[in-house]
Each structure stands twice: as structure tokens, then as C-alpha cells.
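Q: My questions concern the predicted model and sequence given below.
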Amino acid sequence: MINQFLFATGIENSNPTIQGGSYRQDELEKCGHYQHWRTDFDLVEQIGIRFLRYGPPIYTTFLGQDKYDWSFAEQTFGELRLRNIVPIVDLCHFGVPDWIGNFQNPDFPALFAGYARAFAQRFP
């Protein structure tokens, strides 16, 4: 039982395609997080946040069925662990990789389950 109030926040990792699918809106890129993630984590620490909604950008991480590029996640999740910031892992906020198409793809649930399993094995 938690007997204290816990305050959490998040770093937006949406990356939907918009304008009829012709443009990807990557919120991590838009806010400069790819270049400034260490500073962003510094700020999280400075305001005393211990729990952070955070996730890797699915469209650049999930490259195909059973194919992943964990390089950015390894850096950032490793740093969160060093800083003792507990991630509330957001594996898919808005947007899917181009090769999946969209959320209406009937294979998406099974593909996403594989991605979630691979993430959990990589980052226990």
C-alpha cells in the first residue's frame, strides 16, 4: 500500500503520421529531446520527479517483425536507471512504424505483443 502521494510526468513520445499519412509528426524531434535528453533528465531530477512516463520512439525502434534498433533506448533507459528515475514505459503512444501501416492492421496486436516482449526482455 502506498501511503504517500506520487507525482509523475512524461516526455511526449507520439509520432503519428498526419496530412493523410504524408508527414510524420515526431514529438521527440519537435521538442529537441533527441539532442537534449540528458538535460531533460536533469530537469526531471531538479524538480524532484521520481516516476516518468517515457518510451522509445516506436517507428525508429521497431524496424520489422522481430527486428529492433534499441540504440536510443539503451542510452536513455540506462541513464534513467543510473538516476533512479522509474520509467512508466510508454511503448506506443500515437503512431506506428510505416511498415505496419496503421492501427487497423489486423496483425498489429500480435506484432505489438512481440515488440513489448522483446522490450521487456531487453530492459527487465
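A: Sure, I can see it.

Q: residue closest to the middle of this structure?
A: The chain has residue 55 as the residue nearest its centroid, 1.7 Å off, counting by Cα atoms, centre = their mean.

Q: And the closest residue to that residue other than its chain neighbours, how far from residue 21?
A: Excluding the flanking residues, the one nearest residue 55 by Cβ to Cβ, 6 or more residues apart in numbering is residue 90, at 3.5 Å. The C-beta positions use only the backbone N, C-alpha and C, and glycine is treated the same way. Per Cβ to Cβ, to the nearest Å, residue 90 is found 22 Å from residue 21.

Q: For those two, indicate the residue with more neighbours.
A: residue 90 (17 against 11; other Cβ atoms under 10 Å).

Q: pretty sure that one contacts residue 13?
A: Yes. Contact criterion Cβ atoms under 8 Å: residue 90 and residue 13 qualify, at 5.9 Å.

Q: what touches both of those two?
A: 54-55 (Cβ atoms under 8 Å, 6 or more residues apart in numbering).

Q: Would you enumerate the residues in contact with the residue nearest to residue 55?
A: Going by Cβ under 8 Å, 6+ apart, residue 90 touches 10, 13, 53-55.

Q: phi, psi of it?
A: Dihedral pair for residue 90: phi -110, psi 90, per degrees, to the nearest 10.
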